[in-house]
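**Student:** quick check, what structure comes out for this input:
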Amino acid sequence: MKIGKIKKSIAISAITCGLILGIWGMLSLYTLQDVVEQQTIEVQSWKLVNLREATPTGDETLVLAVMSYPHQAAPAAFYVNNITNYKSTAYEYYDGIDNEMVNETPYDTTFDIVVKMRVNQTHAYNSTDAEWVLSWIRANITCADLGIAADTGMLEYNVTGVSHGSDYLYIHYVMNNGGAGYTLNRGQPFNATSFKFYAYY
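**Tutor:** Sure thing, here's the model as predicted:
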């Protein structure tokens with residue numbers, strides 16, 4: 001009799017443990033699914049922004065001009081200024097990004113590549129802290145003619161002294177050959193074949 005009772009107790013205990021483990025497993029699965037779903041919703045990444053050209057509509061992000069500009073030895077001090085007269089001061093420029101330089105940049109003269117942009121608040125404005133966050137945006141350029149490898153990151157300068165509030169921001173993206181600037185040989189053409197603007201959200 002004692003042996004029978006022991007076996008019966010063991011069987012009941014085994015069933016009870018099985019039920020508990022099964023319920024715990026189901027709860028763990030639901031919990032894991034909840035965590036995965038939450039992580040999926042919150043995932044952010046760098047996204048390529050489709051840019052408009054030259055003529056703005058509202059406050060959207062767009063490229064205002066691409067320039068070969070006289071080389072600046074102190075870019076951090078110079079390119080925070082709003083280059084409003086670039087049509088007369090740049091060696092060469094064009095509106096937007098779907099155009100080509102026409103070989104007006106003088107040879108044996110050092111220059112920088114400058115892309116002037118207006119950036120919409122949806123790409124770089126932190127409404128919680130009421131501030132612009134430059135680490136949320138970046139730009140890459142490709143120009144094999146000047147030895148710039150594919151999708152090389154550009155220097156980024158927030159243009160100060162321009163009243164833009166929380167709607168949009170002016171940015172100068174610059175390539176200056178590591179501070180040395182670029183120089184063309186006589187008759188040497190150059191073409192920046194790609195410019196890409198990314199936002200993190």
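
**Student:** the helix or strand of the chain with the lowest mean pLDDT: what's the following helix or strand?
**Tutor:** In the chain, no helix or strand scores lower on mean pLDDT, DSSP states H and E than helix 2-42, which sits at a mean of 50. With elements assigned by DSSP states H and E, the helix or strand that comes after helix 2-42 is strand 46-48.

**Student:** tell me the contacts of residue 199?
**Tutor:** Residues touching residue 199, when contacts are defined by CB atoms under 8 Å, 6 or more residues apart in numbering, comprise 46-47, 49, 122-124, 136-137. In short, each C-beta sits where N, CA and C put it, glycine included.

**Student:** that one belongs to a strand?
**Tutor:** Yes. Counting by DSSP: H, G, I helix; E, B strand; the rest coil, one finds residue 199 located in a strand.

**Student:** look up which helix or strand the residue nearest to it when sequence neighbours are not counted falls in, please.
**Tutor:** With CB to CB, 6 or more residues apart in numbering as the criterion, residue 199 has its nearest non-adjacent residue at 3.9 Å, and that residue is residue 123. If you go by DSSP H and E, residue 123 is part of helix 121-124.

**Student:** let me see the mean pLDDT of that helix.
**Tutor:** With pLDDT averaged residue by residue, helix 121-124 scores 88.

**Student:** buried ones in that helix?
**Tutor:** The neighbour-count check on helix 121-124 (16 or more other CB atoms under 10 Å) flags 121, 123-124 as buried.

**Student:** likewise stretch 89-99?
**Tutor:** Residues of stretch 89-99 classed as buried: 90-94, 97 (neighbour count, 16+ other CB under 10 Å).

**Student:** list the contacts of that stretch.
**Tutor:** 51, 53-54, 62-70, 83, 86-87, 100-102, 104-106, 109, 111, 114-115, 195.

**Student:** end-to-end on stretch 178-190?
**Tutor:** Between the opening and closing residues of stretch 178-190 we find a distance of 18 Å, counting by CA to CA, to the nearest Å.

**Student:** follow-up on the earlier one: nearest to residue 189, of the contacts of residue 199?
**Tutor:** Closest to residue 189 out of those is residue 49 (28.4 Å), distances taken as CB to CB.
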